[in-house]
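Asker: below are the sequence and a predicted model for it; my questions follow.
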Number of protein chains: 2
Amino acid sequence: MTSIVQVAELAGVSIATASRVISKSNYPVNSRTRERVLEAAAKLNYTPNALARGMKTQHSNMLGIIVGDNTDPYYAEIMRGVEDVANENGYLTIVCNTDRQPVKELKYLQTLRDFRTSGIIFAGGGLSEPGYPEKLAEKVRELTERGTAVITLSQHTLHVPSYQPDNFGGARQMVNKLTALGHRRIAFVTGPANFIVANIRLQGYMAGLIEAGLSLNPNLLLPGDFSMAGGEQAVRSLPYLPLSERPTAIFAANDETALGVMMGLRRLDWPVPQAVSVCGFGDLPVAQAVNPTLTTVRIDLRELGRNGMLKVLAILKNETVPTIEIAPISIVERASTAPPGLSPD
Amino acid sequence: MTSIVQVAELAGVSIATASRVISKSNYPVNSRTRERVLEAAAKLNYTPNALARGMKTQHSNMLGIIVGDNTDPYYAEIMRGVEDVANENGYLTIVCNTDRQPVKELKYLQTLRDFRTSGIIFAGGGLSEPGYPEKLAEKVRELTERGTAVITLSQHTLHVPSYQPDNFGGARQMVNKLTALGHRRIAFVTGPANFIVANIRLQGYMAGLIEAGLSLNPNLLLPGDFSMAGGEQAVRSLPYLPLSERPTAIFAANDETALGVMMGLRRLDWPVPQAVSVCGFGDLPVAQAVNPTLTTVRIDLRELGRNGMLKVLAILKNETVPTIEIAPISIVERASTAPPGLSPD
DNA sequence: GTGAAAGCGCTAACAC
DNA sequence: GTGTTAGCGCTTTCAC
């Protein structure tokens, strides 16, 4: 393996000089000397050992991204945005799937510390399990103290800079849209209870109801878990409701759930949107692929990722970044929503 | 930052002894001494610097996974399998999105080399652009010579161990299924021409036709590009075919294309599967979510990833691994296929 | 403008 | 069983 030593030898200079050229230090080096070093490096097909460099500089040009599951299109899209900017800036992106398990999350943070990762991005929301936020905060403090740039891309228990989609406003606006269409009985399929984002969307839903002068019917709060299976399961209880209470619209806490809801309704033979409108949250690519196409709250996830990584870079350059910044959302109306009462019943 | 030096000091031993305990070397250490070191490490919340360790051992417990796009569910699923096993074995997984561009791929390989990555997994098929395979092979040789374990998870130009789905057999079997249903005019939507896997599936399609005594109608070879948009575009030409030539079944080279095909057919008002059957390749999660659900060739991608990573670990342990191993596929019949002639025309 | 040398944290000979 | 020491490849004072 060729090291800077052979480059220096071939160029006939000291390794110090070679290093100055190679590492693009702003130390003055005679342009002819610089030329010779560059030539030698090229001839030897030399590139610096990133490990050795990281050892000196105490950080490694690596970035950890903490996701629930990289298979989930929500996270996949964010990851892509992060990786794009990371790659443009010479950083390596490390995937950390936690399955939302505190143990896995903590273990990964430790490993990322061992590798002197330059930055860590929490792509998803925090887990609000008892005792966990404190433990996590402690671990993260160890990291930030060392100069690791840490940010979150969602509402989180962590007190680090955060760039987050407007989950509350998005849910509220979606309910506004539904009430404007004439819906009065709007069900909401929740996300996992210990998942902060899910609760914020629920708050937005309730705010939307209040704005329209509606009151919350607990029977229309259907438990879900952000999965398709959960959505499918959630609608099973609907036929047992008295006709007068049945929802004319179902708002799912995320798109995957909404897809499950649509599958469940198909099984019940309740046509969408004729019998019941369905909408989701996220605007994943599938939202356009399903039949009927899904009305949803759009978050530009790739942009969220790109911006997140830019913030990490800013922190590493010691620039000040705002504690909380809100990424705009928008409502995308598609075919799965319509005014109520199109159905015979 | 606490290093092995402070641990040794606190335990009252030399750093060599401390290292022997910490690094789990099988060197004999007195159990009482070992105990003291472990205690000291725990008290100081010490964990070894992975960079320093990698510097000595010349490789870093990091693994690069080369994908076209981590947003593509095909790659996402493989990644997850790889990451699972990697994590279980203390390896970090680095995402490398290439967008199938040789330049990006080569650049990433260089970076992975700089970081002394222990292994590299090519998740997708090789690019068969003129001159590229040679360049890539050269770069990979540099890596394998250094002890990097390199494998591919698809048909590839590279001569490294490969664990790959049976793309040929899968396509052939799907055509068998369609001909058994009674279809005689089966269209095929191709993938990108420079993508090896796409061509192998095309070969399988042709083999299936021959087996059924059918000949290839060039008009039924529709150009696609593995994307939904490509699939949608591909069917646009169909109405211009004389009635007697119109396909009763459309086999798309991958699931995303099949989804696009279904969207395109919806626009044409050709009901699936009544007017025309549709099937895909891959069995992505969406295949079950669309309406009608998609008949497709199933590859267990997560298992492919898991196994791939296990192979990398085997290579690193100097075990011999087979040059080529084929992962089984299966046909999943769902609602998008039916016998032909259910349509009025 | 250039070079000598210390040291980042660790492992692995090599002594004792 | 334990300790001393030489690097791994790089950056960075500090001399010159």
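Answerer: Sure, I can see it. Being a predicted model, the structure only gives us computed values, none of them experimental.

Asker: ok, residues contacting stretch A:320-330?
Answerer: With contact meaning Cβ atoms under 8 Å, 6 or more residues apart in numbering or on different chains, stretch A:320-330 is reached by A:151, A:159, A:161-167, A:169-170, A:173, A:297-300, A:303-304, A:307, A:311, A:314-315. Glycine gets a C-beta too; all of them are placed from N, C-alpha and C.

Asker: out of the residues you listed, which are buried?
Answerer: For the contacts of stretch A:320-330, a burial check counting by 16 or more other Cβ atoms under 10 Å in any protein chain shown picks out A:151, A:161-167, A:169-170, A:173, A:297-300, A:304, A:307, A:311, A:315.

Asker: now, these that are in helices?
Answerer: Among these, the members found in helices (DSSP state H) are A:N167, A:G169, A:G170, A:Q173, A:L304, A:N307, A:K311, A:I315.

Asker: smallest distance to DNA strand C belongs to which residue of the stretch 151-300 of chain A?
Answerer: Closest to DNA strand C within the stretch 151-300 of chain A is A:V160: 23.9 Å, counting by Cβ to the nearest atom of the strand.

Asker: so for the residue lying closest to that residue once chain neighbours are set aside, what's the pLDDT?
Answerer: Spatially, and ignoring its direct neighbours in sequence, A:V160 is nearest to A:V150 (4.7 Å; Cβ to Cβ, 6 or more residues apart in numbering or on different chains). What the model reports as pLDDT for A:V150 is 97.

Asker: likewise A:G341?
Answerer: pLDDT, A:G341: 78.

Asker: ramachandran coordinates for A:G90?
Answerer: phi 80, psi 20 (degrees, to the nearest 10).

Asker: over to A:A52?
Answerer: When read as degrees, to the nearest 10, the backbone of A:A52 gives phi -60, psi -40.

Asker: ok, it to B:Q58 distance?
Answerer: 11 Å (Cβ to Cβ, to the nearest Å).

Asker: which residue ranges of the stretch 151-300 of chain A form strands?
Answerer: For the stretch 151-300 of chain A, the strands defined by DSSP state E, counting those that start in this stretch occupy A:162-165, A:186-189, A:221-222, A:249-252, A:277-282, A:295-299.

Asker: and those strands, which is most packed in?
Answerer: Across those, averaging neighbours per residue (mean count of other Cβ atoms under 10 Å in any protein chain shown) puts strand A:249-252 on top, at a mean of 32.

Asker: one step back: which neighbours do A:A52 and B:Q58 have in common?
Answerer: Counting by Cβ under 8 Å, 6+ apart, nothing touches both A:A52 and B:Q58.

Asker: which one of the two has more residues nearby?
Answerer: In this view A:A52 and B:Q58 are compared by other Cβ atoms under 10 Å in any protein chain shown, and A:A52 has more residues nearby, 17 against 13.

Asker: could I get the strands of the stretch 151-300 of chain A as a markdown table with distance to chain B and mean pLDDT?
Answerer: As requested, the strands of the stretch 151-300 of chain A are exported to a markdown table (distance: least, Cβ to the nearest Cβ, whole Å; pLDDT from 0 to 100):
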| stretch | distance to chain B | mean pLDDT |
| --- | --- | --- |
| strand A:162-165 | 18 | 96 |
| strand A:186-189 | 16 | 98 |
| strand A:221-222 | 19 | 98 |
| strand A:249-252 | 13 | 98 |
| strand A:277-282 | 12 | 97 |
| strand A:295-299 | 14 | 97 |
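
Asker: now render those as JSON lines, adding distance to B:A275.
Answerer: As requested, the strands of the stretch 151-300 of chain A are arranged in JSON lines below (distance: least, Cβ to Cβ, whole Å):
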{"stretch": "strand A:162-165", "distance to B:A275": "41"}
{"stretch": "strand A:186-189", "distance to B:A275": "35"}
{"stretch": "strand A:221-222", "distance to B:A275": "37"}
{"stretch": "strand A:249-252", "distance to B:A275": "31"}
{"stretch": "strand A:277-282", "distance to B:A275": "27"}
{"stretch": "strand A:295-299", "distance to B:A275": "28"}
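
Asker: much appreciated, bye for now.
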